[in-house]
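# Need coordinates for the below:
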Amino acid sequence: MAETDPLLTSLQPLVSQLNADYARAIDDDRLEDWPDFFVEQCLYSITSIDNHRQGYPGGLMWADSKGMLQDRVAALRDANIYERQTYRHLIGLPALVGTEGEITRAETPFLVVRIMRDGTMDIFATGRYLDALVETGGALRFRERIVVCDSSRFDTLLAIPL
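As a prediction, this is how the structure comes out:
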């Protein structure tokens, strides 16, 4: 059994809480809170496992700043037209995979159920979050969140962040 890094052990509950708060904000339709989980210069991307394995940087959804995340929310609220839906995230325990200077790397499995206006529920997405986390202002924030979906097929109704 490998020796446990005390820093990573101390961060485990903080990363779990960050993931829980992140999911609650999206699931409770508090999308305006979503960008606040990120630092100003960040990366958020949704991609498939195939694209990730091949090293393709682009994704289905991509933003490289908190401002772009805020614009995404504004577009969802004011410009985009899509069928009303909500998500329910089931988030696994994060595996803290290492540190690089001020950055902590984590990998967390997820499952998202989509609930449509008529009550229909479907497994919408499964995969893992690949995160680069930094401490800022006394809290952990995402410098990078790459959402790697297990499937290469995406529903055209992917509007809300995963």
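# what are the ranges of the strands in the protein?
38-48, 61-63, 85-91, 95-100, 103-116, 121-136, 139-149 (DSSP state E).
# Buried ones in the third one, by neighbour count?
Along strand 85-91, the positions that meet the burial threshold by neighbour count (16 or more other Cβ atoms under 10 Å) are 85, 87, 89, 91. For every residue, glycine as well, the C-beta is placed using N, CA and C.
# go on, the shortest one?
Residues of strand 61-63 classed as buried under the neighbour-count rule (16+ other Cβ under 10 Å) are 61, 63.
# ditto for the longest one
Buried residues in strand 121-136, counted by 16+ other Cβ under 10 Å: 124-125, 127-134.
# Now compare these and name the two farthest from each other.
Pairwise distances among the buried residues of strand 121-136 were taken by Cβ to Cβ; the largest, 29.0 Å, belongs to 124 and 134.
# Of the buried residues of strand 121-136, just say which sits nearest to residue 39.
residue 134 (6.2 Å).
# Tell me which residues touch that closest one, please.
39, 102-104, 140-141, 143 (Cβ atoms under 8 Å, 6 or more residues apart in numbering).
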